[in-house]
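Colleague: Need coordinates for the following:
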Amino acid sequence: MTNTPHTDDVTGVDTTGHQWDDIRELNNPLPKWWVYSFYACIVWSVIYWIVMPAWPIFMNGAWTYTGGVIGYDQRVVVENDIAEVTAGRQVYVDQITAQDLPTIQQNAELMEVALAGGRAAFGDNCAPCHGSGAQGSSGFPNLNDDDWIWGGTVDDIHVTLQHGIRWEADDDTRFNEMPRYLADEILTTAQVNDVVDYVLTLSGNAKITEASTRGSAIFAQECTACHMEGGIGNRELGAPNLADAIWLYGGDRTAVYDSVANARAGQMPAWGDRLDPATVKQLALYVHSLGGGE
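Modeller: I've put the predicted structure just below:
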């Protein structure tokens with residue numbers, strides 16, 4: 001390494017004199033405007049640190065930060081903005097709370113607010129089970145279709161949301177239980193198989209056989225009280241329609257056999273105990289609007 005200044009033959013710029021392995025360093029200082037801008041930024045940062053909340057400090061056993069000369073606090077600004085929006089929205093929330101669901105549906109302005117609030121509440125409370133698009137999954141109903149176990153009017157949906165399904169903490173919960181026909185030894189394994197064969201014929205998933213004919217007689221004796229003749233279901237009892245192609249727990253033979261043998265007893269919380277009345281109404285209106293509401 002040498003330190004011999006000279007002028008570069010290509011650029012005509014003096015070098016710093018530093019040389020290593022025949023590589024020389026050109027002496028090209030930064031433009032004055034750039035240097036002055038850099039110094040100005042340093043000065044500005046110092047002023048900013050003094051004026052605005054910036055310096056972390058350990059105080060009273062916890063880390064906090066300096067308040068700055070002007071006492072500006074972004075958290076306060078955000079809290080004030082939220083309070084302003086909440087106050088403006090509260091006018092509509094009060095109206096939703098006071099009015100019945102059909103009246104709200106007839107008010108376009110209220111419905112816009114209700115659907116927006118219902119969509120947000122659905123994402124926070126219902127999507128983990130029913131899916132972000134309310135498409136459901138095994139054991140969790142699809143809320144976009146028109147197959148409703150407990151009824152699909154907006155009032156029916158509201159009652160279901162308010163009191164839940166098989167929710168022991170609510171005396172008015174939607175409640176009905178299907179017997180565990182095999183587990184409780186009400187039917188034999190052979191009889192359960194016959195009933196399953198018959199149930200599958202109701203939705204066209206199987207052909208009529210000797211076994212399904214035997215199952216038809218057992219179904220009439222054990223199942224029609226809830227599922228009605230032909231398996232069309234009874235919403236007052238929460239008995240699903242077995243004659244369509246929509247299955248809550250799956251429509252293959254294994255799933256239907258498990259339902260008959262061991263029963264199903266899904267639960268949904270009573271949202272009336274967890275959410276305010278306006279939010280429950282907004283949820284009912286939103287779910288009803290998804291396309292399957294009656």
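
Colleague: Would you tell me which helix is longest in the chain?
Modeller: If you go by DSSP state H, the chain has its longest helix at helix 74-98.

Colleague: Give the rounded mean pLDDT of the next helix or strand after it.
Modeller: Per DSSP states H and E, the first helix or strand lying C-terminal to helix 74-98 is helix 101-105. Helix 101-105 carries an average pLDDT of 95.

Colleague: hang on, the earlier thing: and the longest helix of the chain, what's buried?
Modeller: Tyr92, Val93, Gln95, Ile96 (16 or more other CB atoms under 10 Å). C-beta: built from backbone N, CA, C; applies to glycine.

Colleague: tell me which element Leu161 falls in.
Modeller: In this assignment (DSSP H and E), Leu161 forms part of helix 154-163.

Colleague: Could you pull out the strands in the stretch 1-150 of the chain for me?
Modeller: Remark: strands assigned in the stretch 1-150 of the chain by DSSP state E, counting those that start in this stretch are 2-3, 15-20, 23-26, 56-59, 62-65.

Colleague: Of these, flag the one that's most buried.
Modeller: Highest mean neighbour count among these (mean count of other CB atoms under 10 Å): strand 15-20, with a mean of 14.

Colleague: which strands and helices sit next to that one?
Modeller: In terms of contacts (3 or more CB pairs under 8 Å, 6 or more residues apart in numbering; DSSP states H and E), strand 15-20 is packed against strand 2-3, strand 23-26.

Colleague: ok, that strand: who's next to it in the sheet?
Modeller: strand 2-3 (antiparallel), strand 23-26 (antiparallel) (DSSP bridges).

Colleague: any idea how far that strand is from the chain center?
Modeller: Relative to its parent chain, strand 15-20 has a centroid offset of 65 Å by CA atoms, centre = their mean, to the nearest Å.

Colleague: ditto for stretch 48-62
Modeller: Computed by CA atoms, centre = their mean, the chain-centroid distance of stretch 48-62 equals 38 Å.

Colleague: ditto for stretch 60-70
Modeller: Relative to its parent chain, stretch 60-70 has a centroid offset of 37 Å by CA atoms, centre = their mean.

Colleague: end to end, how far does that stretch reach?
Modeller: Criterion CA to CA, to the nearest Å; first-to-last residue distance in stretch 60-70 is 23 Å.
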